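Enquirer: show me the folded form of this:
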Amino acid sequence: ALFRAALATNNDYWMWGELRNGDFVSTTRADLKAVIAGDLNASYTTLDEMKNWRRFYAIINAANLFIERSGEALVDPRYTTLNHDVDVAQVRALRAWAYFMMVRIWGDVPFITNSYDGQFPAIGKTDKSIVLAFCEKELIAAADILPFQYGVLNDPILPGLYYTYGLGRFENTLISRNAAYALLAH
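Expert: Numbers count the residues shown, from 1 in each chain. All right, here's what the predicted structure looks like:
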């Protein structure tokens, strides 16, 4: 939900992506003309809202918190080690995707791999090549654990129902092994 909100707010995903490639022309809106020209530092309300990294760091902080604390749930016998490992792999892939998106949009970004409650410390930007190397490492590690499909009997990694649901519930909603590989290709 955090990731969906980060990308959907004000159609920012479209503006960060396709609109910036120059395939579109804005005939009346100066703010969209600035985006098309790649001038994301122009002074417009739309662009000021687009510059807010908070929504991506909300994803990253939630992912870091889950990675750090989810093992505590293994005391519940219904929560298997396999499910936990797959859940952590999904979250690691989501965190890598969030960092990939931020680097794609802004270049160098603050790099945080620990969770924080309340205030984030002041952290300088990390070179985008270091962040992308982390993303690649995370996605490779996650891909080794992620199933090809969720909720199917014949998946070699995670056979059977996933949290009592079949494929119809999870198809195109969770990060699979193939999705991790697709992100790695980018």
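Enquirer: what segments of the chain are helices?
Expert: With DSSP state H as the criterion, the chain has helices at 2-8, 12-16, 30-36, 45-50, 54-69, 81-106, 128-143, 167-170, 177-185.
Enquirer: which helices and strands sit right next to the lowest-mean-pLDDT helix or strand in the chain?
Expert: Counting by mean pLDDT, DSSP states H and E, the weakest-scoring helix or strand in the chain turns out to be helix 12-16, with a mean of 79. With contacts taken as 3 or more C-beta pairs under 8 Å, 6 or more residues apart in numbering; DSSP states H and E, helix 12-16 sits against helix 45-50, helix 81-106. C-beta here means a position set from N, CA and C on the backbone, and glycine is covered the same way.
Enquirer: circling back to that earlier point, the helices of the chain: lowest mean pLDDT?
Expert: Lowest mean pLDDT within the helices of the chain: helix 12-16, at a mean of 79.
Enquirer: who's in contact with that one?
Expert: For helix 12-16, contacts defined as C-beta atoms under 8 Å, 6 or more residues apart in numbering pick out 6-7, 32, 35, 46, 49-50, 101, 104-105.
Enquirer: can you list the buried residues in it?
Expert: Under the neighbour-count criterion of 16 or more other C-beta atoms under 10 Å, helix 12-16 has 12-13, 15-16 buried.
Enquirer: how far away from the center of its chain is that helix?
Expert: Centroid separation for helix 12-16 versus its chain: 15 Å, with C-alpha atoms, centre = their mean, to the nearest Å.
Enquirer: contacts only, for residue 102.
Expert: Counting by C-beta under 8 Å, 6+ apart, residue 102 has contacts 53, 56, 109, 131.
Enquirer: and the first one, how many residues sit next to it?
Expert: In this case it means residue 53. 14 (other C-beta atoms under 10 Å).
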